[in-house]
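Peer 1: 3D model of this:
(one chain, ligands or ions: 1)
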Amino acid sequence: MNILITGCCGHIGSYVAENIYKIKKVKKTYLVDNLKSNSFSSLFNSKKRNNLSFFLLDLNDRKSLNKFKNIDIIIHCASMTNAEKSFGKKKEMFQNNLNCFNTVLNYCKKNKTKLIHLSSTSIYGKQTDLVDENCEKKYIKPQSPYAKIKLIEEKILKMNNSKIKYNTFRFGTIAGVSSGIRFHTAVNKFCFNASINQPIEVYKTALNQYRPYLSLSDAFRVFQFCIEKNFFENDIYNVLTDNCTVKQIINKIKKFKKNIKVKLVNTAIMNQLSYHVDGTKLKKKGLRLTGNLNKDIKDTLKLLSNI
Ligand SMILES: NC(=O)c1ccc[n+]([C@@H]2O[C@H](COP(=O)([O-])OP(=O)(O)OC[C@H]3O[C@@H](n4cnc5c(N)ncnc54)[C@H](O)[C@@H]3O)[C@@H](O)[C@H]2O)c1
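Peer 2: Below is the predicted model:
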């Protein structure tokens, strides 16, 4: 089986590329990134056993994937991903992410390639105890341009239901170490600030709000499950390791790094409200997620321990 990973140099894509050898069915993996994120280091020291080939391509070019033949599955990770910065880069982000998505979608339709599409739990936003994939429309409240784009992608896929085999996974905020690790999302940013003895900046309203978090190892389990079980149901699944408050995340960091300071700040996405995300729909399909956020935090702090 041949796999293609877009956005392979990013936080998630690089982890998949590093671990793809664990999925025995996969014989060859093609990697695509435009390296706009400058994550060249994701390509260093890759293992021969992974059988990877890297291609420097920009998915804004709708023909960029045409050279690939016999791709069975695309894991689509290429996106601009900084939700907080997306307010200032709205146009650029809409253009880039929807272009990438359409290039991949058209390739999949034309070549009968299956698609693993990554959305985000940030499409939820209205206060309620628990949101699931079938929640009322009023609970779907994307608070940033980044999240709005995710919702558009989901809708386009639904409209193409008869023309493609896919799953959309709404991932919680990723925690864990990869060669393409980035530090703009909550857990990693907090670990970085703690490591350089700077105050951890927390949105004023967010300290006691619940959010879903996802261990990178669990993200990989999802891809492994899809590939090994041929799990493509043209459906949407929430994916999370746990729902935690920011305070609980900070307490996890405190276990390994004492004396951290917290500073409350304002932000454009601050009006997001507290919500728990329900991950049982995927669990019912037989996939058990066993990731450990404490370990992810410990590993991230360890990575930065000598600075
Ligand atoms: N990291 C998280 O917490 C998280 C949570 C939920 C969903 N997701 C989703 O998972 C996917 C992967 O996330 P990530 O954290 O690995 O992102 P990332 O920002 O670390 O990596 C994205 C990669 O895509 C590449 N890219 C961007 N535009 C491209 C283009 N036009 N052509 C080719 N390559 C391009 C970038 O260079 C980068 O290497 C994204 O769709 C993201 O929205 C991530």
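
Peer 1: which residues of the protein fall in strands?
Peer 2: Listed in chain order, the strands of the chain (DSSP state E) span 2-6, 28-33, 52-56, 73-76, 114-120, 128-131, 166-171, 173-175, 200-203, 210-215, 235-239, 242-245, 262-265, 275-277.

Peer 1: want to throw those into JSON lines with mean neighbour count and distance to G88?
Peer 2: (C-beta placed from N, C-alpha, C; glycine too.) JSON lines is the format used below for the strands of the chain (neighbours: other C-beta atoms under 10 Å; distance: least, C-beta to C-beta, whole Å):
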{"stretch": "strand 2-6", "mean neighbour count": "24", "distance to G88": "24"}
{"stretch": "strand 28-33", "mean neighbour count": "24", "distance to G88": "23"}
{"stretch": "strand 52-56", "mean neighbour count": "15", "distance to G88": "27"}
{"stretch": "strand 73-76", "mean neighbour count": "26", "distance to G88": "25"}
{"stretch": "strand 114-120", "mean neighbour count": "23", "distance to G88": "19"}
{"stretch": "strand 128-131", "mean neighbour count": "15", "distance to G88": "28"}
{"stretch": "strand 166-171", "mean neighbour count": "22", "distance to G88": "23"}
{"stretch": "strand 173-175", "mean neighbour count": "25", "distance to G88": "20"}
{"stretch": "strand 200-203", "mean neighbour count": "18", "distance to G88": "17"}
{"stretch": "strand 210-215", "mean neighbour count": "25", "distance to G88": "22"}
{"stretch": "strand 235-239", "mean neighbour count": "21", "distance to G88": "28"}
{"stretch": "strand 242-245", "mean neighbour count": "20", "distance to G88": "28"}
{"stretch": "strand 262-265", "mean neighbour count": "12", "distance to G88": "16"}
{"stretch": "strand 275-277", "mean neighbour count": "21", "distance to G88": "25"}
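
Peer 1: Surely E153 and L98 touch.
Peer 2: Yes. Here E153 lies in contact with L98, judged by C-beta atoms under 8 Å, at a distance of 7.4 Å.

Peer 1: In terms of neighbours, single out the busier of the two.
Peer 2: More crowded of E153 and L98, by other C-beta atoms under 10 Å: E153, with 23 against 17.

Peer 1: per-residue pLDDT, I164?
Peer 2: According to the prediction, I164 has pLDDT 98.

Peer 1: returning to that earlier point: between the strands of the chain, which gets the lowest average pLDDT?
Peer 2: strand 128-131 - the lowest mean pLDDT of these, at a mean of 80.

Peer 1: So which elements touch that strand?
Peer 2: strand 275-277 (3 or more C-beta pairs under 8 Å, 6 or more residues apart in numbering; DSSP states H and E).

Peer 1: so where is the stretch 101-250 of the chain shaky, pLDDT-wise?
Peer 2: 126-128 (pLDDT under 70).

Peer 1: can you list the residues of the protein near the ligand?
Peer 2: 7, 9-13, 33-37, 39, 58-60, 77-81, 96, 100, 118, 120, 171, 173-174, 180, 182, 185 (C-beta under 6 Å from any ligand atom).

Peer 1: In helices, which of these appear?
Peer 2: Taking DSSP state H, the ones among these that sit in helices are 11-13, 96, 100.

Peer 1: Could you export those as TSV, including pLDDT and neighbour count?
Peer 2: Listed next are those as TSV, based on pLDDT from 0 to 100; neighbours: other C-beta atoms under 10 Å:
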residue	pLDDT	neighbour count
H11	98	26
I12	98	27
G13	98	26
N96	97	20
C100	98	25
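
Peer 1: nearest to K189, of these?
Peer 2: Checking those against K189 by C-beta to C-beta gives H11 as the nearest, at 12.3 Å.

Peer 1: wait, isn't that closest one in contact with S179?
Peer 2: No. Counting by C-beta under 8 Å, H11 stays clear of S179, with 9.2 Å between them.

Peer 1: what residues are up against the residue of the stretch 201-307 of the chain found nearest the ligand?
Peer 2: Residue of the stretch 201-307 of the chain nearest the ligand, by C-beta to the nearest ligand atom: L214 (6.8 Å). By C-beta atoms under 8 Å, 6 or more residues apart in numbering, the contact list for L214 reads 171-175, 239-241, 291.

Peer 1: For those residues, give me CSV that also has distance to I164.
Peer 2: Formatted as CSV, the contacts of L214 follow (distance: C-beta to C-beta, whole Å):
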residue, distance to I164
F171, 20
G172, 25
T173, 27
I174, 25
A175, 31
V239, 20
L240, 25
T241, 28
G291, 29
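
Peer 1: Tell me how far the residue lying closest to S144 once chain neighbours are set aside lies from Y203.
Peer 2: Nearest non-adjacent residue to S144, counting by C-beta to C-beta, 6 or more residues apart in numbering: A83, 4.5 Å away. Remark: distance between A83 and Y203 (C-beta to C-beta, to the nearest Å) = 12 Å.
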